[in-house]
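**Student:** Dropping a prediction and its sequence here:
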2 protein chains.
Amino acid sequence: MSQFDNVSVLKQANVYFDGKCVSHTVILADGSRKSVGVILPSTLTFNTGAPEVMELIAGSCRVKLAGQNEATTYGAGTSFDVPGDASFEIEVTETLHYVCHFG
Amino acid sequence: MSQFDNVSVLKQANVYFDGKCVSHTVILADGSRKSVGVILPSTLTFNTGAPEVMELIAGSCRVKLAGQNEATTYGAGTSFDVPGDASFEIEVTETLHYVCHFG
């Protein structure tokens, strides 16, 4: 599914890391929140509050969760899980389009 | 109104100027399309197909339409019109969050 239907979207974006990551918040009919975003080529460390699933729509990246020694490569059509209260290092090798699912 | 309700949003973003401008397409219930986006501090020239209204949600910029000699400053809560088949130069002085209305 290439789009969310019957949702609300906030007009103001979330801008992180000097704009290397830009996302917009989407609220589904059941009240759950997602974000749709882009990460530009860079290596960044994100911290999570709630657990997250990062669903990759386009692009490519290498991801190392806190405590892992080796990075795993992910591309369009794949996703990876991040535990709550954790962090992960992401090296974006090709501009990443993603949906972030929380909780 | 800080959000669009009962809309569809495309998961894949539009990325322009090496990521200086990132937007997501929103489709309203009546089928009309808008985009919600961010422009990072920079000076860029955009070309329009259809006429556009740029509604500024946050940030600040100076805008010079093709043929104008002087730029006009716009900030949050204001908007400016761009004719179709035209261009405008925008100097973003503070990260711009916008809604673009077409047609």
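**Tutor:** All right, it came through fine.

**Student:** in chain A, which spans are strands?
**Tutor:** A:3-10, A:14-16, A:21-27, A:33-39, A:42-47, A:52-65, A:72-75, A:79-82, A:87-102 (DSSP state E).

**Student:** residues of the longest one that come out buried?
**Tutor:** Neighbour-count burial for strand A:87-102, with 16 or more other Cβ atoms under 10 Å in any protein chain shown as criterion, is recorded at A:Phe88, A:Ile90, A:Val92, A:Thr95, A:Leu96, A:His97, A:Tyr98, A:Val99, A:Cys100, A:His101. Every C-beta, even on glycine, is put in place using the N, C-alpha and C of the backbone.

**Student:** same deal with the third one?
**Tutor:** For strand A:21-27, burial by neighbour count (16+ other Cβ under 10 Å) applies to A:Cys21, A:Val22, A:Ser23, A:His24, A:Thr25, A:Val26, A:Ile27.

**Student:** So what sits opposite A:Val9 in the bridge?
**Tutor:** When bridges are assigned using DSSP bridges, the partners listed for A:Val9 are A:Val26, B:Phe4.

**Student:** and if you look at A:Glu91?
**Tutor:** According to DSSP bridges, the partner residues bridging A:Glu91 are A:Thr43, A:Arg62.

**Student:** is it true that it touches A:Ser60?
**Tutor:** No: here A:Glu91 does not reach A:Ser60: they are 9.6 Å apart, not a contact under Cβ atoms under 8 Å.

**Student:** which bits of chain A sit near chain B?
**Tutor:** Chain A has residues A:1-13, A:15, A:18-20, A:22, A:24, A:26-27, A:36-38, A:40, A:57-58, A:95, A:97, A:99 near chain B, with proximity defined as Cβ under 8 Å from any Cβ of the partner chain.

**Student:** Please check those and keep the buried ones.
**Tutor:** Here the buried ones among those, as counted with 16+ other Cβ under 10 Å, turn out to be A:3-4, A:7-13, A:15, A:19-20, A:22, A:24, A:26-27, A:36-38, A:40, A:57-58, A:95, A:97, A:99.

**Student:** Show the pLDDT at A:Gly103.
**Tutor:** In this prediction, A:Gly103 carries a pLDDT score of 77.

**Student:** which ones are touching the closest residue to A:Glu52 other than its chain neighbours?
**Tutor:** If you skip the residues right next to it in sequence, A:Glu52 has A:Val82 as its closest partner in space, 4.6 Å away by Cβ to Cβ, 6 or more residues apart in numbering or on different chains. A:Val82 is in contact with A:Phe46, A:Thr48, A:Pro51, A:Glu52, A:Val53, A:Met54, A:Leu65, A:Phe88, counting by Cβ atoms under 8 Å, 6 or more residues apart in numbering or on different chains.
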